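K.L.:
Provided below for reference: sequence and predicted model.
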Amino acid sequence: MLTHLPFDPVPRRAPTVDEPVTVNLRSPPADVHVPSHRHDWAQLAYPLRGSIRISAAGMAWLVPALRAVWIPPGIEHDVVMLGKVELRTVYVAAEVVPLPLDACAVVEVSDLMRSLIEALSEIEPDRAVDRERRRLMIALLLEEMRRAPPLSLGFPLPKDRRLQALCSALMDDPGSPLSLTQWAERVGASERTLARLFKSDLGTHFAAWRQQVRLARALDLIGRGWPLGEVAHALGYASPAAFSAMFKRAFGVPPSSFLQSAI
């Protein structure tokens with residue numbers, strides 16, 4: 001279990017019986033990779049600025065600013081900071097977890113949840129005068145977490161090394177215009193083999209997997225304040241209108257709605 005990292009100047013506070021939820025403030029170096037590890041407690045990782053990518057149990061989740069990823073207790077995972085990141089890690093004792101114990105998920109962070117996380121980070125746990133206030137805030141935060149709407153920002157990761165090479169390159173550059181035929185030439189497999197591997201290894205096909213990665217990266221770039229035209233271009237769409245139409249089909253709202261919530 002990883003409990004301390006070389007770049008962490010402040011020790012983390014694990015949850016306890018008396019304090020089942022703790023909030024830890026993190027400002028890691030840009031683009032740092034946190035190696036695979038697990039916790040005895042659950043974790044809600046919430047980037048206030050920047051984005052993170054979590055890999056666990058054969059899946060990856062790209063978590064943009066002002067959203068959060070839920071990681072149950074005991075699940076092996078690694079983390080990549082995408083650029084400069086400031087995040088809050090909410091640790092939740094296994095006895096009080098408000099979300100599923102068997103799977104990670106990206107969830108919306110309501111204004112109330114955001115405020116509760118910040119308020120809990122400022123309370124001194126040893127001050128008797130704050131104990132009742134902290135208890136009430138923890139109870140309300142757990143309820144907000146339980147009600148948080150999930151976002152479809154997870155995508156499966158392959159086991160086959162040829163597919164791993166393709167998928168890793170696409171996660172780094174989701175706007176790549178290469179076709180499956182062109183990728184086949186690069187990774188040393190036929191187009192037919194890659195198409196079969198996408199179906200058998202990932203349960204989907206190339207275009208659908210790439211679109212899921214593009215959607216996740218879109219929220220990352222929107223959260224960083226990129227103009228929608230630049231986001232569309234970076235992700236390989238012919239026009240902002242084409243990008244907006246794809247985004248609205250996936251999320252039910254235009255990208256401008258996410259842009260407003262990230263400001």
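P.N.:
Done, it's in. Just so it is clear, the model here is predicted, and its values are computed rather than measured.

K.L.:
For the rest of this, base every contact and every neighbour count on C-alpha atoms.
P.N.:
Fine.

K.L.:
Which of the helices and strands in the chain ranks last by mean pLDDT?
P.N.:
helix 255-262 (a mean of 64; mean pLDDT, DSSP states H and E).

K.L.:
quick one, what contacts I138?
P.N.:
Applying CA atoms under 8 Å, 6 or more residues apart in numbering, we find I138 in contact with 21, 120.

K.L.:
Looking at the helix or strand encompassing it now, give me its mean pLDDT.
P.N.:
Using DSSP states H and E, I138 maps to helix 131-147. Regarding helix 131-147, the rounded mean pLDDT is 94.

K.L.:
Next: stretch 104-116.
P.N.:
94.

K.L.:
got the buried residues for it?
P.N.:
104-110, 113-114, 116 (16 or more other CA atoms under 10 Å).

K.L.:
what's the answer for stretch 14-34, then?
P.N.:
Here stretch 14-34 shows 14-15, 19-26, 28, 32 as buried, counting by 16+ other CA under 10 Å.

K.L.:
ok now that stretch, how far from the chain's centre?
P.N.:
15 Å (CA atoms, centre = their mean, to the nearest Å).

K.L.:
And that stretch, end to end?
P.N.:
18 Å (CA to CA, to the nearest Å).

K.L.:
residues making contact with that stretch?
P.N.:
7-8, 12-13, 41, 78-93, 96, 117, 120-121, 125, 138.

K.L.:
Point out the ones among the residues you listed that are inside helices.
P.N.:
The members of the contacts of stretch 14-34 that map onto helices under DSSP state H are 117, 120-121, 138.

K.L.:
all strands for the stretch 151-263 of the chain, in order.
P.N.:
Secondary structure of the stretch 151-263 of the chain by DSSP state E, counting those that start in this stretch: the strands cover 154-156.

K.L.:
okay, and for it, where does confidence drop off?
P.N.:
Along the stretch 151-263 of the chain, the parts satisfying pLDDT under 70 run over 258-263.

K.L.:
ranges for the helices of this protein?
P.N.:
111-122, 131-147, 161-172, 180-187, 191-202, 206-223, 228-234, 240-251, 255-262.
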